[in-house]
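1. Sequence and computational prediction follow.
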Amino acid sequence: MAAVIILLSLVVIIPSPVWANQADAETAISSAQATLLNCYNAAKQAEAAGANITVLVDALNEAGALLSQAELAYDTQDFDEALNLATQSQAPLNNFVEEANVLGETATQQREWDFSINVVGSTVGAFAVIFAGLAVWVLLKRKYETPEAT
């Protein structure tokens, strides 16, 4: 009877490697999901700023595919593979948020620069048309003006 109690106590006290792997895999998948969501939001903001996010989308797709494989491995209770794939899914997302922020800032600056060029160009063009019209009017007035008899 004492041996059974000791054996049950050891089973409860000493964590099973399967449980540890399961917990590690679950934590890694949860972390990968949070990272993927954070990166998706950064890409969404960069796109809203007008950035070309093709490279970012490729990285998100790669990470998402690996995360899906990790979730599938977890569902089939292959916790080591799930942990491995969840960890791998975060590799394409290294420096992702920083890159998305840079793309967004660059797009914003480019849009502001384009706006400035358009405003200045439109203003200069308008004045050029006005001055050209005045010059033509003065030349035509001189050409067709009849001299007054004094």
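-> Nice, I can see it. Numbering: from 1, shown residues only.
2. Not counting residues beside it along the chain, what's closest to the residue nearest the centre of the chain?
-> Residue closest to the average C-alpha location in the chain (CA atoms, centre = their mean): Ala43, at 1.6 Å. Excluding the flanking residues, the one nearest Ala43 by CB to CB, 6 or more residues apart in numbering is Leu56, at 4.4 Å. (Glycine included, C-beta is placed from N, CA and C.)
3. In terms of helices and strands, where is that neighbour?
-> Mapping Leu56 onto the secondary structure by DSSP states H and E places it in helix 54-75.
4. For that helix, name the packing helices and strands.
-> helix 17-48, helix 79-89, helix 96-144 (3 or more CB pairs under 8 Å, 6 or more residues apart in numbering; DSSP states H and E).
5. wait, which of those helices is closest to Glu71?
-> Proximity to Glu71, assessed across those by CB to CB, is greatest for helix 17-48 (6.2 Å).
6. What's the mean pLDDT across the closest one?
-> Helix 17-48 shows an average pLDDT of 88 in the prediction.
7. So which bits of that helix are buried?
-> When burial is assessed from 16 or more other CB atoms under 10 Å, helix 17-48 yields the following buried residues: 21-22, 24-25, 28-29, 32-33, 35-36, 39-40, 42-43, 45-47.
8. What of stretch 54-71?
-> Applying a neighbour-count criterion of 16+ other CB under 10 Å, the buried positions in stretch 54-71 are Leu56, Ala59, Leu60, Ala63, Gly64, Leu66, Leu67, Gln69, Ala70, Glu71.
9. Check whether the second one really touches Ala91, as I assumed.
-> No - checked against CB atoms under 8 Å, the pair Ala59 and Ala91 is beyond contact range at 9.6 Å.
10. pull the helix or strand with minimum mean pLDDT from the protein.
-> Of all helical and strand segments in the chain, the minimum by mean pLDDT, DSSP states H and E falls on helix 2-13, at a mean of 51.
11. The residue nearest to Ala43 contacts Ala100, doesn't it?
-> Yes - here Leu56 reaches Ala100: they are 5.7 Å apart, a contact under CB under 8 Å.
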